[in-house]
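Colleague: Sequence plus predicted model, see below.
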Amino acid sequence: MPFQENLLSKAALGFIVAATGVGAGDLLTASLAGSAVGLVVLWAAWAGSLLKFILNEGIARWQMATQKSILEGWLLYLPSPFSWLFFLYFLLWSFYVGGALINACGVAGFGFFSFGHPGKARIIWGCLHSFLGLILVWVGRFNLFQRLMAYLIASMVITVFLSVILIRPDWISVLKGLFWPAFPRAGSNWLLAVMGGVGGTVTIICYGYWAKERSRQGQKGLKECRFDLSLGYALTAFFGIAMVIIGSKITVKGRGDVIALQLAEKLGEVLGPGGKGLFIAGFWSAVFSSLLGVWQGVPYIFADFLRLKRRIRLIRLNGQREAFDCKESLLEKEWSGQFFQEEKFPLDQNLTKSLAYRIFLIGLSILPLASLLFTVQKIQLIYALLGALFMPFLALTLLILNNRKDLMPRPFRNGWVTNFFLIINLLFFSYAGWLEIKPLLFSFF
């Protein structure tokens with residue numbers, strides 16, 4: 001039992017990264033790609049996971065070296081308009097990602113038990129999942145959150161792994177698709193979709209707050225973070241690869257909620273009556289773990305932004321800007337429960353206990369419920385577009401901040417290999433984002 005507890009504790013953040021980053025969109029996109037172009041796009045799943053690993057490792061390296069969140073880095077060292085543009089973008093993204101997750105949970109719930117009309121069942125199940133996530137995050141501590149995510153990711157691994165084994169793919173073709181990069185003659189967009197879809201978008205920066213919960217810093221903290229992220233993105237690649245394999249064995253067409261239920265029905269035809277239940281169980285674990293991860297992690301960003309803006313304003317008013325360059329930053333003092341007596345302003349000991357965190361958690365659980373009145377595919381499309389805009393921004397800022405000699409000690413600074421992959425990230429996600437946005441621009445004009 002102690003061994004299991006120690007293993008769970010060591011791997012917990014890796015499980016959280018995978019469970020939060022792998023959602024309905026990732027699973028359905030990968031399965032559709034496998035159905036459309038086959039196993040030739042398998043390598044895109046691990047390549048996309050590698051790109052996301054590079055980004056998240058850069059965030060962890062920044063935080064371990066400076067003891068500042070990446071958000072604090074943006075607010076301090078980028079022009080002021082960038083921070084407000086990000087904040088407005090973040091609010092819009094939060095509404096649509098919340099809507100996408102609530103809709104996906106509604107679809108998963110409908111697969112278990114229908115209340116009659118599919119649209120009505122999706123709304124009921126979506127509301128129930130949103131409020132359950134709110135309750136679990138509100139009353140549960142971080143340790144409970146870690147345990148729940150570990151159990152959900154275990155359920156995902158077991159169900160997806162069994163599905164792949166039972167459909168009996170051509171393993172020679174699987175190995176070729178994994179280790180012999182090739183581009184499909186038709187449908188190169190599927191390759192880009194698989195690479196860009198795996199591993200989450202804005203939720204990437206939530207990892208820094210989870211690492212802060214574990215009090216990590218310095219070289220030792222960075223080593224632990226790299227273990228987390230290696231495990232998390234290995235699992236992410238596994239899910240992407242598995243869903244491409246599953247999709248290659250069945251024919252699926254369509255979008256949104258139809259696809260999830262189609263996949264379940266098709267697997268039922270291939271694997272027997274248990275195949276449908278097996279897929280729905282794994283699909284539910286994927287979408288609810290993503291919802292739980294977003295409900296717990298995203299309010300950190302909101303609370304952190306408001307607190308940093310407040311601190312910056314007070315420091316500028318008092319002429320104390322240089323305080324941000326002290327060994328212990330203002331953010332660290334807030335998180336350790338200290339406060340500045342001269343400001344006459346008490347600080348919360350923990351972001352999760354702050355009023356801003358809790359208000360945003362409630363808003364995230366309730367406001368996106370309005371999206372249940374929209375079609376699933378419309379919500380997923382807008383969510384994908386917003387995500388595509390964020391990734392190039394993150395890659396660019398890591399190229400700027402993590403190469404600055406005045407901010408980053410040499411052991412933590414980007415090497416040439418890291419810079420190379422960050423440039424690949426910047427170019428790839430800029431191109432993928434343009435492909436997403438171009439049809440909307442042309443239709444608008």
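Modeller: Thanks, I have it.

Colleague: When you work out contacts or count neighbours from here on, use the C-alpha atoms and nothing else.
Modeller: OK.

Colleague: Count the neighbours of residue 271 for me.
Modeller: 15 (other CA atoms under 10 Å).

Colleague: With residue 355 instead?
Modeller: 12.

Colleague: separation between it and residue 225?
Modeller: As judged by CA to CA, to the nearest Å, residue 355 and residue 225 stand 29 Å apart.

Colleague: residues in contact with residue 106?
Modeller: 121-127, 129 (CA atoms under 8 Å, 6 or more residues apart in numbering).

Colleague: let's see 7 Å
Modeller: Remark: with contacts taken as CA atoms under 7 Å, 6 or more residues apart in numbering, residue 106 is in contact with 122-123, 125-126.

Colleague: now, which of these lie within strands?
Modeller: Using DSSP state E, no member of those falls within strands.

Colleague: Out of the residues you listed, which is nearest to residue 134?
Modeller: Nearest to residue 134 among these, counting by CA to CA, is residue 126 at 12.4 Å.

Colleague: Report the separation between the closest one and residue 182.
Modeller: 39 Å.

Colleague: and the two? which has more neighbours close in?
Modeller: Using other CA under 10 Å, the more surrounded residue of residue 126 and residue 182 is residue 126, with 26 against 15.

Colleague: Can you give me the pLDDT of the more buried one?
Modeller: Note on residue 126: pLDDT of 88.

Colleague: pretty sure it contacts residue 99?
Modeller: No: look at residue 126 against residue 99 with CA atoms under 7 Å: they stay out of range, at 9.2 Å.

Colleague: Distance from the chain centre to the helix ranked longest in the chain, please.
Modeller: Ranked by number of residues, the top helix in the chain under DSSP state H is helix 273-318. Computed by CA atoms, centre = their mean, to the nearest Å, the chain-centroid distance of helix 273-318 equals 8 Å.

Colleague: what's the answer for stretch 130-139, then?
Modeller: The answer for stretch 130-139 is 19 Å, by CA atoms, centre = their mean.

Colleague: Kindly report the same for stretch 356-363.
Modeller: Centroid separation for stretch 356-363 versus its chain: 19 Å, with CA atoms, centre = their mean.

Colleague: Can you give me the buried ones in it?
Modeller: 356-358, 360-363 (16 or more other CA atoms under 10 Å).

Colleague: can you check stretch 170-182 too?
Modeller: Buried positions in stretch 170-182, judged by neighbour count with 16+ other CA under 10 Å: 174, 177-178.

Colleague: quick one: least confident helix or strand in this structure?
Modeller: helix 330-335 (a mean of 45; mean pLDDT, DSSP states H and E).

Colleague: what does whatever helix or strand comes next after that helix rub up against?
Modeller: Scanning forward in sequence from helix 330-335 by DSSP states H and E, the next helix or strand is helix 355-366. With CA under 7 Å, 6+ apart as the test, helix 355-366 has contacts from 95, 98, 130-131, 134, 295, 299-300, 302-303, 351.
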